[in-house]
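**Q** give the three-dimensional model of this entry:
(one chain, ligands or ions: 1)
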Amino acid sequence: ALPKIAWIGLGIMGSPMSENLIKAGYDVTGFTLEQEKLDRLTSAGGSAADSIAEAVRDADVIVTMVPASPQVEAIAYGPDGILENARSGALLIDMSSITPQTSVDLARAAAEKGIRVLDAPVSGGEAGAVEAVLSIMVGGGQVDFDAARPLFEALGRTVVLCGPHGCGQTVKAANQLIVAVNIQACAEAVVFLEKSGVDLAAALDVLNGGLAGSTVLTRKKDNFLRRDFRPGFRIDLHHKDMGIVTDAARDVGAALPVGAVVAQLVASLRAQGDGGLDHSALLRTVERLSGA
Ligand code: NAD
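**A** All right, here's what the predicted structure looks like:
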């Protein structure tokens, strides 16, 4: 029989991901803070729990998909948390993007309760979650990875064990660095092209066919063309991720000269009240700097 799943965190990513598990035949019990997301889960064929304790009590696999390290710590530790209430032998898969150190610490604390842990952050955005084509970067042990592989394959297309606990998060941090710098470069090109009077849609099409082409340009093209900055991936979350990669790179002595500038641009956008917008809204900053 398929393992029984508890899913904590039914947001932009967690809702479609948990629904893909239900479609694949898994029994999913969910908990999250918004009642409408719990209703959505039950309509999709899952069950809603009233607490984390209730959700995890008889689960074989517990998946967490929440915003950041403080939320992962809040739901893992504490009397109503996962470590106190999950059964020994359960597998905890944290798919949130958090600091690598939080993942390492969680794995150590869980091991004392006989709970196994994988860090398994994802890339591919809301569309990747809906279409079950996420890239899943995993940290932890080979045996646990092998046990979780069928579940991962119901959620994504590229699934890789990157190394021990925390390594999935380190790779995800690198992913967020590349994506932010790429969006910033595209935003600068968009403003340059428009100010030059070139047809933007035509320009982006031909750019995408050459070496400048990217998943960012493909996925964010319409956001740029329509100035549609509904999330998607919120600036608040990318700000969190730029902090993670900046700290982690400093710890190992890796220079991020361009990444550091883009981290400042993300922080500035957030400071101007745009934290709830999609990260393609970096275009707004370039426009402001250009007097557009
Ligand atoms: P979101 O804000 O849409 O969803 C977060 C969910 O966590 C909400 O449903 C909230 O109720 C729940 N939550 C928060 N605290 C909780 C608690 N204490 N107990 C139970 N539930 C709690 O965020 P999202 O966009 O789905 O992102 C989730 C994670 O995935 C983040 O770490 C993000 O960086 C990462 N991520 C997001 C995307 C994306 O495109 N949105 C892509 C890849 C990775």
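
**Q** what segments of the stretch 1-150 of the chain are strands?
**A** Using DSSP state E, counting those that start in this stretch, the strands found in the stretch 1-150 of the chain span residues 5-8, 28-31, 47-48, 61-64, 91-94, 116-119, 122-123, 134-139.

**Q** near the ligand, which residues of the stretch 151-292 of the chain show up?
**A** 232, 233, 237 (Cβ under 6 Å from any ligand atom). Where you see a C-beta, it was placed from the backbone N, CA and C, and this is true even at glycine.

**Q** now do the contacts for the first one.
**A** Under the criterion of Cβ atoms under 8 Å, 6 or more residues apart in numbering, the contact partners of residue 232 comprise 12, 125, 126, 223, 278, 279, 280.

**Q** neighbour-wise, which one of those leads?
**A** The most crowded member of the contacts of residue 232, judged by other Cβ atoms under 10 Å, is residue 279 (29 neighbours).

**Q** which residue packs closest to it, ignoring adjacent ones?
**A** residue 238 (4.7 Å; Cβ to Cβ, 6 or more residues apart in numbering).

**Q** longest helix anywhere in this structure?
**A** Taking DSSP state H as the criterion, the chain has its longest helix at helix 167-195.

**Q** C-terminal to that helix, what's the next element?
**A** Note on helix 167-195: by DSSP states H and E, the next helix or strand toward the C-terminus is helix 200-208.

**Q** tell me the buried residues in that next one?
**A** By neighbour count, with 16 or more other Cβ atoms under 10 Å as the criterion, the buried positions of helix 200-208 are 200, 203, 204, 207.

**Q** can you give me the buried ones in the longest helix of the chain?
**A** Residues of helix 167-195 classed as buried: 167-177, 179-191, 193-194 (neighbour count, 16+ other Cβ under 10 Å).

**Q** mind listing what residue 135 touches?
**A** Applying Cβ under 8 Å, 6+ apart to residue 135 gives the contacts 122, 123, 124, 128, 156, 157, 158, 159, 160, 175.

**Q** might you report the residue contacts of the third one?
**A** Looking back up the chat, that one is residue 124. Taking Cβ under 8 Å, 6+ apart, we find residue 124 in contact with 133, 134, 135, 156.

**Q** which one of those residues is nearest residue 96?
**A** residue 134 (13.3 Å; Cβ to Cβ).

**Q** what is the burial count for the closest residue to that closest one other than its chain neighbours?
**A** When the adjacent residues along the chain are set aside, residue 134 lies closest to residue 156, with 3.5 Å between them (Cβ to Cβ, 6+ apart). Residues lying near residue 156 (other Cβ under 10 Å) number 25.

**Q** any idea how far residue 172 is from residue 156?
**A** 13 Å (Cβ to Cβ, to the nearest Å).

**Q** what touches both of the two?
**A** Taking Cβ under 8 Å, 6+ apart as the contact rule, residue 156 and residue 172 both touch residue 122.

**Q** where does pLDDT dip in the stretch 51-200 of the chain?
**A** Judged by pLDDT under 70, the stretch 51-200 of the chain has no weakly predicted residues.

**Q** rerun at 90
**A** Low-confidence segments of the stretch 51-200 of the chain (pLDDT under 90): 78.

**Q** residues in the stretch 1-150 of the chain within reach of the ligand, list them.
**A** So the stretch 1-150 of the chain meets the ligand at 8-14, 31-34, 37, 65-68, 71, 74-75, 96-97, 122-123, 125-126 (Cβ under 6 Å from any ligand atom).

**Q** of the contacts of residue 135, just the buried ones, ChimeraX syntax please.
**A** In ChimeraX, this line selects whichever of these come out buried by 16+ other Cβ under 10 Å:
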select :122,123,124,128,156,159,175
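
**Q** domains in the protein, by residue range?
**A** Listed domain ranges for the chain are 5-163, 170-289 (source: automatic domain parsing).

**Q** just how off-centre is stretch 223-233 within its chain?
**A** 18 Å (Cα atoms, centre = their mean, to the nearest Å).
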